[in-house]
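*Asks:* here are the coordinates; sequence isn't available:
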């Protein structure tokens, strides 16, 4: 009888532990989703700040432009990739199930996003006064890129292009990632 009572206690303990672990894992998945959604919103707000300055260059403030670029830089690359290291089983998540299957492509896109943000940061540092003509794309200048995303071959090429061009490539990178890895 004692063995059965102990076994029942152990079974109840194992059952309760399993429930608590499942709840903790679900809570952790929800936390990761909340963190990455907050990061995405911060990046979107930063992109909107930069976009506004390109639309009206008289509003350009190098420190705000740099802050926005750094916000994107600090939440992209490896940081963004880590947010998607496992499938988050959450109804709140809009992440597609193909991220894990296409890990290299996802990580490459996350790194491209970071690289474009680094180029925008450099542009702000190089233009502490007003927005210079070198930051702007020339009328009729081809952007390149496309719906499958663009990666500039090297840092020199990226830093040599107008910041506005890097910004448009960064936006294409966001669009590419959402089209490929986000569920509607």
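*Replies:* Noted; the coordinates are in hand. Fair warning: this is a prediction, and the values are worked out from it, not measured in the lab.

*Asks:* against residue 55, how distant is residue 34?
*Replies:* Distance, residue 34 to residue 55, using CB to CB, to the nearest Å: 31 Å. Placement of C-beta: from N, CA and C, glycine included.

*Asks:* residue 85 now?
*Replies:* From residue 85 across to residue 55, the span is 37 Å (CB to CB).

*Asks:* and for residue 130?
*Replies:* Distance of residue 130 to residue 55, given as CB to CB: 15 Å.

*Asks:* the more surrounded of those two?
*Replies:* residue 130 (12 against 8; other CB atoms under 10 Å).

*Asks:* which residue is nearest the centroid of the chain?
*Replies:* In the chain, the centroid-proximal residue (CA atoms, centre = their mean) is residue 76; its distance is 4.3 Å.

*Asks:* that residue: what's it in contact with?
*Replies:* Residues counted as contacts of residue 76 (CB atoms under 8 Å, 6 or more residues apart in numbering) are 43, 110-111, 113-114, 117.

*Asks:* ditto for residue 40
*Replies:* Counting by CB under 8 Å, 6+ apart, residue 40 makes contact with residue 75.

*Asks:* mind pulling up the pLDDT for it?
*Replies:* Here the pLDDT value assigned to residue 40 is 94.

*Asks:* from now on call the first residue 2
*Replies:* Understood, numbering begins at 2; the last thing we discussed is residue 41.

*Asks:* list the contacts of the closest residue to residue 129 other than its chain neighbours.
*Replies:* On the basis of CB to CB, 6 or more residues apart in numbering, the spatially nearest residue to residue 129 that is not a chain neighbour turns out to be residue 63, at 4.7 Å. By CB under 8 Å, 6+ apart, residue 63 lies in contact with 125-126, 128-130.

*Asks:* now the buried members of those.
*Replies:* Buried residues within the contacts of residue 63, defined by neighbour count using 16 or more other CB atoms under 10 Å: 125, 128.
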